[in-house]
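Asks: I would like to see how this sequence folds:
(chains A, B and C)
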Amino acid sequence: MSFPLLTATAALPAVGAIVTAAVPAGRRTAAKWTALLFSLGTLVLAGLVFARFEPGGDRYQLTESHPWIADFGVRYDLGVDGIGVALLGLTALLIPFVLLAGWHDADPLETHSSRWRPTQGFFALILMVEAMVILSFEATDVFLFYILFEAMLIPMYFLIGGFGDRAHAGSEENAAAQRSYAAVKFLLYNLAGGLIMLAAVIGLYVVAGSFSLSEIAEARANGSLEMAGSTEKWLFLGFFFAFAVKAPLWPLHTWLPNAMGEATTPVAVLITAVVDKVGTFAMLRYCLQLFPEASKWATPVILVLALVSIIYGALLAVGQRDIKRLIAYASISHFGFIVLGIFAMTSQGQSGATLYMVNHGISTAALMLVAGFLITRRGSRLIADYGGVQKVAPVLAGTFLIGGLATLSLPGLAPFVSEFLVLVGAFSAYPVVGIVATVGIVLAALYVLVLYQRTMTGPVRESVRAMPDLRVRELAVALPLIALLIFLGVFPKPVTDVVNPAVQHTMQDVQKKDPQPEVEAAK
Amino acid sequence: MNPVNYLYLAALLFTIGASGVLIRRNAIVVFMCIELMLNACNLALVSFSRMHGNLDGQILAFFTMVVAAAEVVVGLAIIVSLFRSRHSASVDDASLMKL
Amino acid sequence: MENLIALLVAAPLLGAAVLLCGGRRLDRSGHWIGTVLAAASFVVGAVLFTDMLGKGAEDRALHQKLFSWIPVEGFQADVAFQLDQLSMTFVLLITGVGTLIHIYSIGYMEHDERRRRFFGYLNLFLAAMLILVIADNYLLLYVGWEGVGLASYLLIGFWQHKPSAATAAKKAFLVNRVGDIGLSIAIMLMFTTFGTFAFGPVLEATGDTSEGKLTAIGLMLLLAACGKSAQVPLQSWLGDAMEGPTPVSALIHAATMVTAGVYLIVRSGAIFNAAPDAQLVVTIVGAVTLLFGAIVGCAKDDIKKALAGSTMSQIGYMILAAGLGPIGYVFAIMHLVTHGFFKAGLFLGAGSVMHGMNDEVDMRRYGGLRKYMPVTFVTFGLGYLAIIGFPGLSGFFSKDKIIEAAFAKGGTEGWILGSVALLGAAITAFYMTRVMLMTFFGEERWRHAATPSPDEPDVEPAAATGEPHPHESPKSMTIPMIVLAFGSVFAGGLFSVGDRFLHWLEPVTGHDHGHAPVSATTVTAATMVVLVIGVAVAWAMYGRKPVPAVAPRGSLLTRAARRDLLQDDFNHVVLVRGGEHLTRSLVYVDHTLVDGVVNGTAASMGGLSGRLRKLQNGYARSYAVSMFGGTAVLIAATLLMRAV
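Replies: Numbers count the residues shown, from 1 in each chain, chains lettered A, B, ... in the order given. Model prediction:
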């Protein structure tokens, strides 16, 4: 038996979480380094997965299969396709930066020495989330996926509710109340989605008699598993609802701004750049693969919802006064693009959507983490409290601008490639949808530039006059992310090569062909 | 004698026990009533065992006795400590389990 | 030779990277690095040009594929460059004028503590602009297209501690983004129609598709061009863009970037040729902007804004020519090049004047400066003569050809377009003479302290206190001005003698003489007549009479023109205010309605459980009752089921 690489990739951060949590109370720094080393180790393993994965090979590779709950046919089945590899890589890549950015976010306050802010817990919980997210990208058993999909809510709940943003306008009690409101809202929203999904998972088992993704998909493909149209639609809706909450898609999005606003910035990045990706990933893998007919049936409605998300999220971002909530609404807009790409059901759209997930992760991380550095310095999340930062902290302003430009999909940076692919994919299948979605690019420019103008330019505000520029640790977070944004913007081939075959498989699952160009069709 | 009569007796005992639990306030009496209900069940089990001609009911009755014995130990301890802290054996006084 | 093409871009890109990442230790040498790398790019361009001249007309185009950029099933985008005569023209213009302006900026920005960064941005601009003109497909062109937009954003807002500069930068980027929608949709349309967006295949296959599709693509490309080239209705950003340092206005907002729209249309000539409706719209946009810009230029007292209006108007000429089809393509580009020389020269002259006048921009506080700035006066004067089309100078040849071509379009359209172009020439003569007279002639109005004019309160009074001491600028500034003045004088003649420029570009753009209803001589004569009228009117208004230091109220048209013909007011009321209302109400809706449903559900759940909680009274007896009751119900149900 070969080395279980996929299990190891997920197990390493889990072990890291336990080790980190066990570090004695006085040794905060040791706990931080332990967590960072484990996350870097995971990154190495993810790199191995990337290297071992053969783009032209089988659909699922590096597979592992063990019986788990034999009575119900639940198996511990792992395997990755190109989409899984890309997202696994993204997760493993971002976590070290998240840890590094949150280096001091969970330190006990000096003024509140009695306050319970265990650094160990913060770092351990982040690693725990990483382990679960990675495993959920690897799972090829529906039940196993479901368990992870729900279980990752637990550490996330504690991360949001237990470690709030210290830059809060109100009093300490007020902050705590809003924080717990955000955490509970996050939990309940996602649990509600998860419960409906559970019903659908059970329903799927009753109909198909198996939880194995590949078995069911194969049976569906060769016709040995007939599913009545209405059954398929109901099951599809059950799955989709959960994913749409997680993604989040309009109108199920309202938990995101609260959660991202109240959580510390690293956790906000964890939510939007990593955990939410499980939702869109699952749409691609489970909705399209298990319920191709129902997916096509629901496409018009979902496309409209995606369009509404794009425009609505962007407009709300323009209207925000809080930096973090602004980025949260921008993310909602971007998730609209991802869903649009997935359900346009063209090769370009789906490749673009997968690439978008990766690029959005990196660009949001860059923007949000730098915004976090800014917020920590001034102790306020309100845009109106800033002004003229460019003059006193040019490097901070520069990195913030690049993060912002990536968010507005400037050509030359990574998100442009994916956004354009999504637009082209949507346009070739549904021209009107594609045209409406392009309006999003103007709105994106609006919210990013307004944010930049109000915070970074203009006369220097008294309150930011003494603001220091980025420190070495912060540069170590910002610069690699920016380098990646530029690299993937100029040369996205390493990712697209991995993603393309997987997308072709999905296209076969839904039995869709790309629309042919008019001129070639005429020939 | 018709074994059904035993069942009637068991039902009667159970009812007495149940109404005792519902009506009385003294914890000791409530406790005894619970014992009464358990024993009524035992009687019914043994009677059914006799009627059906197998030993399942009798075996189950033994289990009930063991559980009842354990329950007596725990229950009496609770009642005693309750009495110690409140100087009363009334179950209504211990009504803190509400919001 | 092909392998040199990438070097064109690589040099300034390297410069931008080094200067922007280099940190403070490059502060003392940064401007030299930037200038040398810009010059290096020009040298590479010149080498490629001489090589190209040595070849036959048909095989001059070079092609270099670097790598596959976005390889996705059915979608291929390459990073590949194509250098043909059209691109070559632009490369020389961009790197040549670019290098001159780098040199000029060394002196102009000498006292700015962020000079290194300024040169970094300038290099970034050069790299992006070069990508734009040598890309071999529309998607890579898009990269350059937005890249120059970014550089323009950074440079307009270079003095971003001024809120007006930051706002102007944002406005420029946003308006350009609106145009970019056009480019995006055009590329998507090309992809669905032709399955590719590389220049070669798309432009060859235009015959295989319907005219409707091509018209749609053409109109979308026009929208993009309107944004970048400040054409009506997306022209509003150009005036504000003058907030940037003057070398930026010269390079980006006069000579190169704003002409990208003309490049786009000429490059896509095959599409427009097959879509006459789109062409008609292009000519209309060109003609309208031509007049619009000219009228705005007449009313502005800010020297840079007056020149910006002029730029808009001149690009209107180019767009008009490009819309005429093969009759006009060559002349559009020719005017673009000559305009690049004289307008850059004019802007540098304006910068030199401002440099000597403590950054004063209001022409009403200039006057009589010819004595103090002889070099600036002469170079500016030559640029002036060139732009109004003084016989023998650059502008004369190129503008004359466009007017001729407009008449040659034929039919009523031809007459209308030709007349508009003629009228534009008259207004050009008027406003440029006005600028010239107000700046260099007349009494020395800067001697007495002036108050800001009431109609433009946002124009800050001279930064320094007291009276300015006008002086000539340093050599690093005057030399580029002199070189550009040479270009303004001789470029037109050089291009036109023996139709050199025509023969050079014809293999790429094609050419068609059309049938002019009037002879070329008549057109030239008419142009001369309107020129004289324009100059004479300006002389009568600003030369003979003294210019008041405070702007008079003026006619309704003047007041409207001062406010950019109310475009900004319209934008403010409809877009800014409307947008604010929209976002504010959406924030409200999101909070109360969408989130309200969620919170409402939670609240009603809470209420329900509050009521159920009352059952939990703490009495063991009542719990026992519910237990017994429940059991009884269960038993009854079981018995009932059995009975049934």
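Asks: Now for the nearest residue to residue B:89 once chain neighbours are set aside: which residues touch it?
Replies: Using Cβ to Cβ, 6 or more residues apart in numbering or on different chains and skipping residues adjacent in sequence, the residue nearest residue B:89 is residue B:27, 4.5 Å away. Placement of C-beta: from N, CA and C, glycine included. By Cβ atoms under 8 Å, 6 or more residues apart in numbering or on different chains, the contact set of residue B:27 is B:79, B:82-83, B:89-91.
Asks: ok, now residue C:157?
Replies: A:457, C:165-166, C:168-170, C:243-244.
Asks: and what of residue C:407?
Replies: Under the criterion of Cβ under 8 Å, 6+ apart, the contact list for residue C:407 reads C:414-415, C:417-418, C:516-518, C:523.
Asks: filter those to the buried ones?
Replies: Buried members of the contacts of residue C:407, scored by 16 or more other Cβ atoms under 10 Å in any protein chain shown, are C:414, C:417-418, C:516, C:523.
Asks: Longest strand in the chain, please.
Replies: Answering for chain A, as no chain was given. The strand that spans the most residues within chain A, counting by DSSP state E, is strand A:61-69.
Asks: you looked at the wrong chain, it should be chain C
Replies: Across chain C, the longest stretch assigned as strand under DSSP E is strand C:62-72.
Asks: Quick one: mean pLDDT over the next helix or strand after that strand.
Replies: Downstream of strand C:62-72, the first helix or strand assigned by DSSP states H and E is strand C:75-83. Mean pLDDT, strand C:75-83: 88.
Asks: which other helices and strands contact the next helix or strand after strand C:75-83?
Replies: Sequence-wise, the next helix or strand downstream of strand C:75-83 (DSSP H and E) is helix C:85-108. Here helix C:85-108 touches helix C:30-53, helix C:115-134, helix C:246-250, helix C:260-267, helix C:329-356, helix C:475-496, helix C:500-509, going by 3 or more Cβ pairs under 8 Å, 6 or more residues apart in numbering or on different chains; DSSP states H and E.
Asks: Switch those over to JSON lines; also include distance to chain A.
Replies: JSON lines is the format used below for the helices and strands packed on helix C:85-108 (distance: least, Cβ to the nearest Cβ, whole Å):
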{"stretch": "helix C:30-53", "distance to chain A": "14"}
{"stretch": "helix C:115-134", "distance to chain A": "8"}
{"stretch": "helix C:246-250", "distance to chain A": "16"}
{"stretch": "helix C:260-267", "distance to chain A": "14"}
{"stretch": "helix C:329-356", "distance to chain A": "22"}
{"stretch": "helix C:475-496", "distance to chain A": "26"}
{"stretch": "helix C:500-509", "distance to chain A": "23"}
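Asks: now the spatially closest residue to residue B:56 that is not a sequence neighbour: how far from chain A?
Replies: Take residue B:56 and drop its neighbours on the chain: the residue closest to it by Cβ to Cβ, 6+ apart is residue B:49, 6.5 Å away. Using Cβ to the nearest Cβ, to the nearest Å, residue B:49 is found at 33 Å from chain A.
Asks: now residue C:563
Replies: Per Cβ to the nearest Cβ, residue C:563 is found 23 Å from chain A.
Asks: Can you tell me the element the closest residue to that residue other than its chain neighbours falls in?
Replies: Take residue C:563 and drop its neighbours on the chain: the residue closest to it by Cβ to Cβ, 6+ apart is residue C:569, 6.5 Å away. In this structure, residue C:569 sits in helix C:567-570 according to DSSP H and E.
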